[in-house]
Structure formats: structure tokens, C-alpha cells
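Undergrad: fold the following and give me the result.
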Amino acid sequence: MIMHVDIRKLHHDTLVSCHRVVANIEPGQWNAPTSCPAWNVCQIVNHLVSGNLWVHELGLGHTIEQVGGRLDGDLLHGDPARAHGESVSAAIAAFGNDDAMERLWPLSFGPRPGRVYARQRFIDVLIHQWDIAKATGQKTRLPAHLTEACLAYLESNPRVTQAWNFASIEVPATADPQVRLLGLAGRRP
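TA: Numbers count the residues shown, from 1 in each chain. Down below sits the predicted model:
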């Protein structure tokens, strides 16, 4: 179960793994459609960059009100892979602080320990890594330890998939862990 693993390491490994996929996006693939009907590849990467920069800002002690709309809009500045890589480093550093997992972070749904925020980011990034890989014809097999940890958490906390409005797809309980994870997240492998 995810409660018995180091969420800081899961977050780190997921961001690094996702960046490998982002760094391999070909120039003509940024506008490719994805499994998220409202977003193309570039828009998902921008979403991930925004999420990572929010971790950085909140990690510096800023409140949501202080950040305001600074992280809205295009954060890629013409170089999506570079922007993503820099945001990954910033988020990893923010969650790397000694007290980051236990101290309260000012999230949109109220103050929560960093481990809760890191878990949220871990899930979001892992699922979007698959979205990007699929849309760009890259290897879609997610790292097994990340898949298993994410699946264990989502299966034991069904309210999370409901809260995130995942349109879960029924898959056999005997299916491969990645297939089960993607089904919970509303993706068809």
C-alpha cells in the first residue's frame, strides 16, 4: 500500500520518469490529441509545468492568494521540454525540504500535510505521463513500482477517483496492474 512507501521518492521518480517522455516529444507532436479530450500534448505539459511550479511556490511559503494568476496561461515560453525540466527540478527541491512531508501546505481544499500534496501530484503526473507517451507514440509502459503504488492507493481510496471525476472504465480484476490503473483513471490502454 502507498502508506508504507516513501511518497517523496514516488513523487521524485514519477517526475523524472515523466520528464524522459516529455524530453522525447518530437517537434511535430506538440499539438497531437490526447486521452484528455480537452487537451493536446502541449496543453498537458503546460498543466504539469503549472502543477510543478505551484509546488515550488507553496514550498517557498507563498499562499494561493500571493501566487494569484502568475501560474495561469502559457508557462512553456517557446521551449516546452526545457520549461518542464526546470519545473521538475523546482518541485523535487520543494518536496525535498526536511519538513516538507509533515508541514501543512495551503491547498485549494484547505491546509494538508505535504505527503498528501505529494501523493496528489504523483497520481496526476503518472497518469499524464501515460497520456503523453500514448499521444506521441512512445513506450507507454509505466515503471512498475510507480504503477503498483498508485493502483494500491486508488483501489483503497475510491473517493479519490470520484473527487477527481475520473470516468473509470471497468476492467477485469485479474488484468495487468497498469491496465487496472488506467481503467480507474478512465483511460483505455
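Undergrad: in this structure, which spans are strands?
TA: Along the chain, counting by DSSP state E, strands occupy 104-107, 110-113.
Undergrad: turn those into TSV, including distance to C42 and mean pLDDT.
TA: Heads up, the C-betas are built off the backbone N, CA and C, glycines and all. Compiled in TSV, the strands of the chain are given as follows (distance: least, CB to CB, whole Å; pLDDT from 0 to 100):
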stretch	distance to C42	mean pLDDT
strand 104-107	26	94
strand 110-113	30	94
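Undergrad: redo the ones you listed as a markdown table? Include mean neighbour count and distance to L60.
TA: Formatted as a markdown table, these follow (neighbours: other CB atoms under 10 Å; distance: least, CB to CB, whole Å):
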| stretch | mean neighbour count | distance to L60 |
| --- | --- | --- |
| strand 104-107 | 16 | 11 |
| strand 110-113 | 12 | 16 |
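Undergrad: helices of this protein, residue ranges please.
TA: 7-23, 41-59, 64-67, 80-96, 114-135, 144-156, 158-163, 177-184 (DSSP state H).
Undergrad: one step back: looking at the strands of the chain, spot the one closest to D6.
TA: Shortest separation from D6 across the strands of the chain is recorded for strand 110-113, at 14.2 Å, computed as CB to CB.
Undergrad: much appreciated, bye for now.
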